[in-house]
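Colleague: I'll drop the sequence and a predicted model, then ask my questions.
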Amino acid sequence: MLLDWRPTCAIELMRLRAQMLSEIRQFFAERSVLEVETPLLSHSIGTDPQLAFFTTEYCLSPLRQTLFLQTSPEFAMKRLLAAGSGSIYQIGKAFRNGESGRFHNPEFTMLEWYRVGFTLPQLMDEIAELIAGLFSGQPLQETQRVSYQEIFGSFTGLDPLVFSYQDYCAFAEDSGLSEAVAICGHDHAVWLDFIFSHKVQPHLGDNALCLVYGYPACQSSLARINEQCSLITDRVELFINGIELGNGYYELVDADEQSKRFDKELVIRQQQKLAVSVKDKRLVSALESGLPECSGVAIGLDRLLMLLSGSESIEDVLSFPIHRA
Amino acid sequence: MASYSTNEFKAGLKVMLDNDPCAIIENEFVKPGKGQAFNRVKIRNLKTGRVIERTFKSGESLEGADVVDVEMQYLYNDGQFRHFMVPDTFEQYQTDEKIVGEAGKWLKDQDTCTVTLWNDAPLAISPPNFVDLAITETDPGVRGDTSGGGGKPATLETGAVVRVPLFVQIGEVIKVDTRTGEYVSRVKE
């Protein structure tokens, strides 16, 4: 008899999860944001070289097709937006291959929502309201809003928008992180990931929601480049107690630009010998037909539940993490 | 030796880092949602005992280290080397004081201890958590004082000095916790 048939989370955590989900649904119902469902299985997948995906085989004899398990519902939800859905949200599973650890499970629950006509600052206000409501039983300190450049500079003395190889190397040596030099090389984005995750992120949001906005353009992903400053992008990240909770954008609506970014990432995937991704042409078509101006954000609900319950590991809030699934 | 990927770094795994044998203590997967994945690893250098933190790009790998812990009997000290023997095979190993280190002051002939071998050569010696040793020197105490308050230094047969209660006398055998170097109790012969 196997001894690990039991869930890794306490029964109490299942109740807390159910309560969290019901409060989230209530929050969006009050704001007339429509709950939607989009497929987990898809013919195409994100091209982001940093996201590894799962593939599976669809067999409908004689048809055999490779399908992808979605890494986020973003593309499908944007197609709904382009079709005129209005503001929407979704609570569902997302899959990321190779991610496992104290804060990661390859299958996890994501809340993603889009607000038509919202700018990024407006979306940040709504994020803060949602989080404050969920934490009403254990109130957080006042929400902090800080630009990436400011917070990065205050902990490191470095400018994240302008890459100075010498300065970055010197900082790494002085901070006991000399291995960064070999790991990051001349790749600005990797340097930012390294320094931010080691020296900045752990300090963000001490019992408070910290919203970091204005990410460097080299980390733009699916966000729009800022109108005033082309070095930054209209992207926001959420942190509480040093834990990354989510990521939001003032969404890119330019089909050409989106298509170019996909192609660029496909080349990088090829150079790095990563699994072959299939560009979502339906998304590009949806953008061509017209995506309304909108802002959107995705929040990892398992991590949020960790924070709500004071859990040390994602396993403490999941029924069956990957090794017991 | 096999090599191990960051995904296989579990507490206790022995690997080679900067040409020294090391043991993994902790391994944390760090990945920004939209960024590069790293593993932040706490690791003990088994030669120096020092604990360091080191970050790896996820998927990097390290060569395994041929490090094993073997229970051995401590035989004797010839003045230059200490000699140990594996009871089952009678295989003998010798080490100098640098490797024996602090453990040396708790080693009594014939006692069992743990010898850590790296490529079949001793790397470190760990005494048992508790050892029974006779007192060879201490001030005469006050008989009848069993309060244990105060205390006095006592030299043991291995040369170690520990604080003992006033009532403990020369020739008596005491139990000592080698992790703290503290007196535990008298041992009835």
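Modeller: Perfect, I can see it now.

Colleague: List the beta-bridge partners for the spatially closest residue to residue A:292 that is not a sequence neighbour.
Modeller: Nearest non-adjacent residue to residue A:292, counting by CB to CB, 6 or more residues apart in numbering or on different chains: residue A:116, 4.9 Å away. Just so you know, the C-beta spots here come from the backbone N, C-alpha and C atoms, and that holds for glycine as well. Beta-bridge partners of residue A:116, counted by DSSP bridges, are residue A:294.

Colleague: Tell me how many other residues surround the nearest residue to residue B:106 once chain neighbours are set aside.
Modeller: In space, residue B:106 comes closest to residue B:127 once its chain neighbours are excluded; the distance is 4.0 Å by CB to CB, 6+ apart. When neighbours are counted by other CB atoms under 10 Å in any protein chain shown, residue B:127 registers 23.

Colleague: contacting residues for residue 104?
Modeller: Using chain A. By CB atoms under 8 Å, 6 or more residues apart in numbering or on different chains, residue A:104 lies in contact with A:96, A:314, B:29, B:31.

Colleague: Chain B was what I was after
Modeller: Contact analysis of residue B:104 by CB under 8 Å, 6+ apart lists B:82, B:97, B:125, B:158.

Colleague: Quick one: residues contacting the third one.
Modeller: To tie it back to what came earlier, the one meant is residue B:125. By CB under 8 Å, 6+ apart, the residues touching residue B:125 are B:82, B:84, B:95, B:99-101, B:103-104, B:107, B:113-116.

Colleague: the domain parsing of chain B - what is it?
Modeller: Segmentation of chain B into domains, based on automatic domain parsing, reads B:3-63, B:67-126, B:130-187.

Colleague: Would you check how far apart whatever residue of the stretch 151-300 of chain A ends up closest to chain B and residue A:177 are?
Modeller: Here the stretch 151-300 of chain A gets closest to chain B at one residue, residue A:193, 3.8 Å apart by CB to the nearest CB. Going from residue A:193 to residue A:177 by CB to CB, to the nearest Å gives 13 Å.

Colleague: Repeat that for residue A:277.
Modeller: In this view, residue A:277 and residue A:177 are 32 Å apart by CB to CB.

Colleague: Any idea what residue B:23 is bridged to?
Modeller: With DSSP bridges as the rule, residue B:23 is bridged to residue B:14, residue B:44.

Colleague: Next SSE downstream of the helix or strand bottoming out on mean pLDDT in chain B?
Modeller: One helix or strand of chain B scores below all others by mean pLDDT, DSSP states H and E: helix B:97-100, with a mean of 89. Counting by DSSP states H and E, the element after helix B:97-100 in chain order, helix or strand, is strand B:112-118.

Colleague: Just the mean pLDDT for the following helix or strand past that following strand, thanks.
Modeller: Tracing the chain C-terminally past strand B:112-118 and defining elements by DSSP H and E, one meets strand B:121-126 next. Regarding strand B:121-126, the rounded mean pLDDT is 93.

Colleague: still on that earlier bit, from the contacts of residue A:104, which land in helices?
Modeller: Within the contacts of residue A:104, no residue falls in helices by DSSP state H.

Colleague: rewinding a little: if I follow the layout properly, the residue nearest to residue B:106 ends up in contact with residue B:177?
Modeller: No. Applying CB atoms under 8 Å as the test, residue B:127 and residue B:177 come out as separate, 10.4 Å apart.

Colleague: what about chain B, any weak spots by pLDDT?
Modeller: In the predicted model of chain B, residues B:141-149, B:189 satisfy pLDDT under 70.

Colleague: Now do the contacts for residue A:110.
Modeller: Residue A:110 touches A:72, A:73, A:90, A:91, A:92, A:93, A:94, A:298, A:299, A:300, A:301, counting by CB under 8 Å, 6+ apart.

Colleague: In ChimeraX, how would I select the buried members of these?
Modeller: The following ChimeraX line selects those of the contacts of residue A:110 that are buried, judged by 16 or more other CB atoms under 10 Å in any protein chain shown:
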select /A:72,73,90,91,92,94,298,299,300,301
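
Colleague: possible to save the contacts of residue A:110 as a markdown table with pLDDT, distance to residue A:211 and secondary structure?
Modeller: Compiled in a markdown table, these are given as follows (pLDDT from 0 to 100; distance: CB to CB, whole Å; DSSP: H, G, I helix; E, B strand; the rest coil):
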| residue | pLDDT | distance to residue A:211 | secondary structure |
| --- | --- | --- | --- |
| A:72 | 95 | 20 | coil |
| A:73 | 97 | 22 | coil |
| A:90 | 98 | 22 | strand |
| A:91 | 98 | 21 | strand |
| A:92 | 98 | 24 | strand |
| A:93 | 98 | 26 | strand |
| A:94 | 98 | 22 | strand |
| A:298 | 98 | 14 | strand |
| A:299 | 98 | 12 | strand |
| A:300 | 98 | 15 | strand |
| A:301 | 98 | 18 | helix |
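
Colleague: I'd like the distance between the closest residue to chain B within the stretch 51-200 of chain A and residue B:41.
Modeller: Nearest residue of the stretch 51-200 of chain A to chain B: residue A:101, at 2.8 Å (CB to the nearest CB). Residue A:101 is 12 Å from residue B:41, where distance means CB to CB.

Colleague: list the residues that contact both of the two?
Modeller: Common contacts of residue A:101 and residue B:41, defined by CB under 8 Å, 6+ apart, comprise residue B:28.
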